[in-house]
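Asker: Any chance you can model this:
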Amino acid sequence: MSEINQPPAPGFVEHPSLALAGSVNDLPGAKGYDELADAESAMAWLAARELISPDAVLYELCRGRLVGLRADLRALFAARVSCEAPPAGAIQALNDALTSVPGARLLRHDPVAGFRREADHPATQVVEHAMATIAEDAASLLTGAEAPQLAECEAGSCQRFFLRTHARRQWCSNRCGDRVRAARAYARKRVGSGV
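Answerer: Predicted coordinates:
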């Protein structure tokens, strides 16, 4: 999949769960993107959203777990948008992510900074903390006041979810809207010319 610079959809900045669900997309012309294509890009994605520290290490196994959570989020968001029952496995995966991290922040002391509280982040738990934050955001989004605004882009070639900023919004970005309008105009032109 090639890399495409896709603008963030409404809700991506406020909701890391929406941003994660939208971190992969297939576009027309065999183009598309996957912001979690490898461990390095997954680390950059998490660091850009301040879900891990920039110096954290993320292994391929952890990237795979993050990609799995992304698939489960997409299934849950699709179920919410279509008013269908979600896959039980997706609900369980989200609940597992919510409960996989110990909640206790331990007391630490630094001679310069003094006392502080922080969670332990062994290498194997870095992604678990990020996943728990994302899962908490998804659970809040799916059950909160913004849930009715959750929508899937109506551009046939786009699979991103977003929050409707107004009732008539159909597309996740101007790019998708322009692509749909251009296709409609081309179809009208073809019908008008008898081709």
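Asker: lowest confidence element among the helices and strands of the chain?
Answerer: helix 174-193 (a mean of 77; mean pLDDT, DSSP states H and E).
Asker: Which positions in it come out as buried?
Answerer: The neighbour-count check on helix 174-193 (16 or more other Cβ atoms under 10 Å) flags Arg175, Cys176, Gly177, Arg179, Val180 as buried. Quick note: C-beta positions are derived from backbone N, CA and C, even for glycine.
Asker: show me the contacts for the first one.
Answerer: For Arg175, the residues meeting the contact criterion (Cβ atoms under 8 Å, 6 or more residues apart in numbering) are Gln6, Pro7.
Asker: if you set the cut-off to 7 Å instead, what comes out?
Answerer: Pro7 (Cβ atoms under 7 Å, 6 or more residues apart in numbering).
Asker: on that earlier part again, can I get the buried residues of helix 174-193 in JSON lines including distance to Gln6?
Answerer: Compiled in JSON lines, the buried residues of helix 174-193 are given as follows (distance: Cβ to Cβ, whole Å):
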{"residue": "Arg175", "distance to Gln6": "7"}
{"residue": "Cys176", "distance to Gln6": "9"}
{"residue": "Gly177", "distance to Gln6": "13"}
{"residue": "Arg179", "distance to Gln6": "12"}
{"residue": "Val180", "distance to Gln6": "15"}
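Asker: Looking at the residues you listed, which is nearest Ser82?
Answerer: Distance to Ser82 across those (Cβ to Cβ) is lowest for Cys176, with 18.9 Å.
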